[in-house]
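Student: I'd like to go over a predicted model; first the sequence, then the structure.
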Amino acid sequence: FDPAERQLFLRFVWGRSRLPRDDKDWSMPFSVSLITSRPGGGDVNEMLPVSHTCFFSLDLPNYTSYETLRSKLLYSIVHTS
């Protein structure tokens, strides 16, 4: 990801576009939860990642390929605000 996409990722998962300057400014650690099945069944490759900006966390479906992961994550960070 290029620098602009990295800023969009931070905004997507944290609601901010920059990291804190000092360690003491971190309010909570970043966490990723792997989603292994789609609610109600179906293909996890059709799901989009879900962020929780209040908790600095990301629910990431267990995609079957890196290409799917990258395209779904990029779509999510570009098309949300």
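Tutor: The structure has been received and is ready for your questions.
Student: and the spatially most central residue of the chain, helix, strand or coil?
Tutor: What sits nearest the mean C-alpha location of the chain, by CA atoms, centre = their mean, is residue 58, with 4.6 Å. Per DSSP: H, G, I helix; E, B strand; the rest coil, the secondary structure class of residue 58 is strand.
Student: might one say that it is in contact with residue 13?
Tutor: Yes - in terms of CB atoms under 8 Å, residue 58 counts as a neighbour of residue 13; the distance is 5.1 Å. For every residue, glycine as well, the C-beta is placed using N, CA and C.
Student: what separation do you get for residue 80 and residue 23?
Tutor: 28 Å (CB to CB, to the nearest Å).
Student: make that residue 67, sorry
Tutor: Distance from residue 67 to residue 23, counting by CB to CB: 35 Å.
Student: quick one, which of those two is more surrounded?
Tutor: residue 67 (9 against 6; other CB atoms under 10 Å).
Student: and the helix or strand encompassing the more buried one, what does it pack onto?
Tutor: When secondary structure is defined by DSSP states H and E, residue 67 falls within helix 66-78. Helix 66-78 makes packing contacts with helix 3-14, strand 57-61 when contacts are defined by 3 or more CB pairs under 8 Å, 6 or more residues apart in numbering; DSSP states H and E.
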